[in-house]
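For reference, the sequence and a predicted model appear below.
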Amino acid sequence: MSTPPEPAGLRGEDLEVWASLATLLERLPAALDAQLQRDSGLTHFEHGVLYALDTAPDRTLRMSTLAGYASSTLSRLSRAVTRLEKKGWVRREVDPTDGRFTLAVLTADGHDKVVASSPAHDALVQRLVFDTLTPAQARQLGVIARRLAEAVDGAPVWNPPSAEGDGHSVPSR
């Protein structure tokens, strides 16, 4: 009786690393969504959209730019912005410099929502990510995550503005 051939695929340490990463990719977004939904009535995606607008100059971005920041299609972003508009947190305007583009503008109520929702979200990120790593590991994670994200589609990764003076806490190490 012959032994069946081993299936092609990941093995050994590569499989262990992939299993850990795949598990993280499932668990972390679920934990972030659950906290934001419970405490603020937002999805993690919606919070990210509001945060990106809040940190943008004049709290305004072209929808196409915002979609790039959010690693999203324009269609998905448009549905999210529609939900945020209904709550009074975002409004859309035609770009006065080029009427072919639509701007997403954070309202004063939207800014208040970001300010209110960020502390608990930041605390969860701090607890789940930064409190479990050494400062060196956190820096390595940033480098690794950027490389992996850019390998997916070659697009640059969003760089947050400096946390100093913007009124938001950003976990640092």
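Sure, I can see it. Numbers count the residues shown, from 1 in each chain.

Quick one: list the elements packing against the lengthiest helix in the chain.
Secondary structure of the chain read by DSSP state H shows that its longest helix is helix 12-40. Taking 3 or more CB pairs under 8 Å, 6 or more residues apart in numbering; DSSP states H and E as the contact definition, the neighbouring helices and strands of helix 12-40 are helix 44-55, helix 108-128. All C-beta atoms are positioned from the backbone trio N, CA, C, and that covers glycine.

right, and those - which one's nearest residue 28?
When these are compared for distance to residue 28 using CB to CB, the nearest one is helix 108-128, at 6.8 Å.

what element comes up after that closest one heading to the C-terminus?
helix 135-153 (DSSP states H and E).

and the residue nearest the centre of the chain, what is it in contact with?
Centrality entry for the chain: nearest residue to the mean C-alpha point is residue 48, 5.1 Å, by CA atoms, centre = their mean. Taking CB atoms under 8 Å, 6 or more residues apart in numbering as the contact definition, residue 48 lies against 69, 70.

change it to 6 Å
For residue 48, the contacting residues are residue 70, by CB atoms under 6 Å, 6 or more residues apart in numbering.

pLDDT below threshold where in the chain?
Using pLDDT under 70 as the threshold, the predicted model of the chain has low-confidence ranges 1, 6-7, 162-173.
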